[in-house]
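Chemist: need coordinates for the below:
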Amino acid sequence: MEKLIQKYYQKLDRTKLLKLRSQMFDIDWSNRFIGIKGARGAGKTTLLFQYILLKQLPTQETLYVSLDDLYFTENSIFSLAEQFVNEGGKYLLIDEVHRYANWSSELKNIYDDFPDLQVVFTGSSLIHIENARGDLSRRAVVYELHGLSFREFLAFQDIGQFDKLSLDDILNRHVELARPIVNKIKPLSFFKDYLTYGYFPYYLENKDAYLQKLMETILIALSTDLPSSYNLSYASVEKIKQLLHILAESVPFKPNITKLSERIGVARNSLLDFLRYLEELRIVKRLYADTKGIGLLQKPEKLYLNHPNIFYALSYQEADKGSIRESFFINQVSVVHPIEYSAKGDFKVGKDLFEIGGKSKSQKQIQNEQNAYIIADNIEIGHKNKIPLWLFGFLY
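Modeler: Now for the predicted structure:
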């Protein structure tokens, strides 16, 4: 345990409070059993250490461990927690729970047996608390940490600090909201940078190497996180990589599941499972015409890459502007509202219809529709039902 403590101190000493995620202040840290899941690279580990510093947790009463440490090949989480509590520990931060076979059962036992211990754990976006053994769903309060919003990117770049906006406010007051922002900064001059490399906070380490690292992160998630969560064979993982390569060159498109499964060389149901895995890893986004009652074997109406950076990291051809715009809109909006495919416009959010395009996008496709909006790229300020695309990056 002493080596774990040394590693914890070393990482804590390297942590800074200069750039904080907004979700730091959305999480109710008073809960004694908190889960934080998210894609690789979203910043979960950094969030844990910043929590320690921000809340000034007593160093001697706090311990951070990562379950991919070799220590846990011969020691259990429960035995560690028991020893830690016996030595006066009060705050146990556990990283990478999906790397440990019986994590849900042992966490449940820790929660039940040590009522004075706060546990904060992180895991892959693949983990399903509601399906985990030990009935964690009624014990843990679980949050998902997404990549940076455009608003957070501007803050991380020291360009400007801005408040979050609600979707209703954007739809009804977009001109009023956009004007003071445009008076302070020129959002379009930073928007392309965000679309290219600004989604994951680790771009700060090296912008030039970001896309290469993003590709490597995706491959690690496929090769390591996915098999540990779904017990997949090496051959299945290779098929999923092949599928991702096809999607990266083709999205957005309406999938022909039969033809796609034949091309990959897997059964139809296996292909639908593969698409679900890719979405759970936050690599692909599936869109349906109606999000109510979606079955595991239901074919999606359209497929997208989860955020624009993935286009630049995985595609061997120049990214299509229309695809980038749509991916950005889906990515930012779906964090706060369910989004559906629409045959009339591009997307539906509740009763509202959205058509995405450039600054010269016309009203033709939605002219006879109620609650319909044009979401236009390359404009700073909108007019009536025409709203600047960048403003949707302020939703979280």
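
Chemist: neighbouring contacts of the lowest-mean-pLDDT helix or strand in the chain?
Modeler: In the chain, no helix or strand scores lower on mean pLDDT, DSSP states H and E than helix 226-230, which sits at a mean of 88. Applying CB atoms under 8 Å, 6 or more residues apart in numbering, the set of residues contacting helix 226-230 from outside is 98, 99, 124, 126, 127, 232, 233, 234, 237, 240, 277, 281. In short, each C-beta sits where N, CA and C put it, glycine included.

Chemist: let's see if you can find the most crowded of these.
Modeler: residue 240 (25 neighbours; other CB atoms under 10 Å).

Chemist: surely that residue is within a helix?
Modeler: Yes. Residue 240 forms part of a helix when assessed by DSSP: H, G, I helix; E, B strand; the rest coil.

Chemist: show me where pLDDT drops low in the stretch 151-300 of the chain?
Modeler: By pLDDT under 70, the weakly predicted segments of the stretch 151-300 of the chain are 291-297.

Chemist: do a quick rundown of the helices in it.
Modeler: Remark: helices assigned in the stretch 151-300 of the chain by DSSP state H, counting those that start in this stretch are 167-184, 188-197, 210-220, 226-230, 234-250, 257-264, 268-280.

Chemist: can you tell which of those is closest to residue 4?
Modeler: With CB to CB as the measure, helix 226-230 is the member of the helices of the stretch 151-300 of the chain nearest residue 4 (21.2 Å).

Chemist: just the buried positions in that closest one, please.
Modeler: 226, 229 (16 or more other CB atoms under 10 Å).

Chemist: send me it as PDB with only the CA atoms.
Modeler: C-alpha atoms of helix 226-230 as PDB (Å, rounded to 0.1, in the frame of the first residue of the first chain):
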ATOM      1  CA  LEU A 226     -14.000  -3.200 -25.100                       C
ATOM      2  CA  PRO A 227     -12.800  -6.800 -24.500                       C
ATOM      3  CA  SER A 228     -12.700  -6.400 -20.800                       C
ATOM      4  CA  SER A 229     -16.400  -5.100 -20.700                       C
ATOM      5  CA  TYR A 230     -17.900  -7.500 -23.300                       C
END
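
Chemist: now it, how far from the centre of its chain.
Modeler: 18 Å (CA atoms, centre = their mean, to the nearest Å).

Chemist: residue 220 and residue 152, how far apart?
Modeler: Per CB to CB, to the nearest Å, residue 220 is found 24 Å from residue 152.

Chemist: quick one: which of these two has more around it?
Modeler: residue 152 (26 against 13).

Chemist: once you drop chain neighbours, what's closest to that one?
Modeler: Leaving out its chain neighbours, the residue that sits closest to residue 152 by CB to CB, 6 or more residues apart in numbering is residue 22, at 6.0 Å.

Chemist: residue 366 reaches residue 357, doesn't it?
Modeler: No. The pair residue 366 / residue 357 is not scored as a contact, 10.8 Å apart, by CB atoms under 8 Å.

Chemist: any idea of the mean pLDDT in stretch 7-25?
Modeler: For stretch 7-25, the mean pLDDT works out to 96.

Chemist: swap that for stretch 339-351, please
Modeler: Per-residue pLDDT values over stretch 339-351 give a mean of 94.

Chemist: quick one: buried residues of it?
Modeler: 339, 341, 342, 345, 346, 347, 348, 349.

Chemist: go on, stretch 180-199?
Modeler: In stretch 180-199, counting by 16+ other CB under 10 Å, buried: 181, 182, 187, 190, 191, 194, 195, 196, 197, 198, 199.

Chemist: same question, stretch 370-377
Modeler: 372, 373, 374, 375, 376, 377.

Chemist: in JSON lines: those residues, plus secondary structure, distance to residue 250 and pLDDT.
Modeler: Formatted as JSON lines, these follow (DSSP: H, G, I helix; E, B strand; the rest coil; distance: CB to CB, whole Å; pLDDT from 0 to 100):
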{"residue": "372", "secondary structure": "strand", "distance to residue 250": "28", "pLDDT": "97"}
{"residue": "373", "secondary structure": "strand", "distance to residue 250": "27", "pLDDT": "98"}
{"residue": "374", "secondary structure": "strand", "distance to residue 250": "26", "pLDDT": "98"}
{"residue": "375", "secondary structure": "strand", "distance to residue 250": "23", "pLDDT": "98"}
{"residue": "376", "secondary structure": "strand", "distance to residue 250": "25", "pLDDT": "98"}
{"residue": "377", "secondary structure": "coil", "distance to residue 250": "22", "pLDDT": "98"}
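
Chemist: turn these into TSV, including distance to residue 92.
Modeler: Formatted as TSV, the buried residues of stretch 370-377 follow (distance: CB to CB, whole Å):
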residue	distance to residue 92
372	50
373	47
374	50
375	44
376	49
377	46
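
Chemist: list just the nearest of the residues you listed to residue 255.
Modeler: Closest to residue 255 out of the buried residues of stretch 370-377 is residue 375 (24.0 Å), distances taken as CB to CB.

Chemist: wait, doesn't that closest one sit right on residue 392?
Modeler: Yes. Applying CB under 8 Å, one finds residue 375 in contact with residue 392, separated by 7.0 Å.

Chemist: any common contacting residues for these two?
Modeler: Jointly contacting residue 375 and residue 392 under the rule CB under 8 Å, 6+ apart are residue 329.

Chemist: helix or strand: which one has the residue lying closest to residue 255 once chain neighbours are set aside?
Modeler: Counting by CB to CB, 6+ apart, residue 255 lies nearest to residue 303, which is 5.6 Å off, once chain neighbours are set aside. Assigned by DSSP states H and E, residue 303 falls within strand 302-305.

Chemist: ramachandran angles for residue 64?
Modeler: phi -110, psi 130 (degrees, to the nearest 10).

Chemist: residue 74 too?
Modeler: phi -130, psi 0.

Chemist: list just the nearest of the buried residues of stretch 180-199 to residue 120.
Modeler: Using CB to CB, residue 199 comes nearest to residue 120 of these, at 23.9 Å.

Chemist: I appreciate the help and will end here.
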